[in-house]
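Chemist: test case, fold it:
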Amino acid sequence: MIVADTDVLIDALRGKGARARVERELAAGRLATTVISSFELCSGARTATELQTVETLLGALRILDVDDAAARAAAAIRRSLEARGAGIGTADYLIAGICLTRSAVLLTRNQEHFRRVDGLNLAE
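Modeler: As a prediction, this is how the structure comes out:
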């Protein structure tokens, strides 16, 4: 399973960046996103039309929740990274925790942050 981060989905909605990759993974039935990205996309919609476009995209994706295992993994990631002075922010901890507990590959432009997470597989 490939999990699309918010930045990649925004690019796809705007017709740039990883749009072709998003379309290809959607067609293959391999693409998911997280409840965090769902929140970010919906809250960032500025008009009813934008919200409808976001809702249509989200309707085509599997939305992964933060369950207890993901929350605990995210907490461990946070403790580890912040102890090194390399924090990445709450949303990114949660996204990484979700991906790690589901052995998912993360598709993101934010390679700088997510490379810090041991064991997290990032899409090329």
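
Chemist: quick one: contacts for the closest residue to Asp65 other than its chain neighbours?
Modeler: Nearest residue to Asp65 in three dimensions, chain neighbours excluded: Val35, at 5.2 Å (Cβ to Cβ, 6 or more residues apart in numbering). The C-beta positions use only the backbone N, C-alpha and C, and glycine is treated the same way. Applying Cβ atoms under 8 Å, 6 or more residues apart in numbering, we find Val35 in contact with Ile63, Leu64, Asp65, Val66.

Chemist: same deal with Ala123?
Modeler: For Ala123, the contacting residues are Ile2, Arg21, Val105, Leu106, Leu107, Thr108, by Cβ under 8 Å, 6+ apart.

Chemist: of those residues, which one scores lowest on pLDDT?
Modeler: Among the contacts of Ala123, Arg21 carries the lowest pLDDT, at 93.

Chemist: how far away from the center of its chain is the helix or strand where Thr56 lies?
Modeler: Assessed by DSSP states H and E, Thr56 sits inside helix 48-59. Mean C-alpha position of helix 48-59 versus that of the full chain (Cα atoms, centre = their mean, to the nearest Å) differs by 17 Å.

Chemist: buried residues of it, list them for me.
Modeler: Buried residues in helix 48-59, counting neighbours by 16 or more other Cβ atoms under 10 Å, are found at Val54, Leu57, Leu58.

Chemist: sorry, back to before: let me know the closest of the contacts of Ala123 to Tyr93.
Modeler: Using Cβ to Cβ, Leu106 comes nearest to Tyr93 of those, at 12.7 Å.
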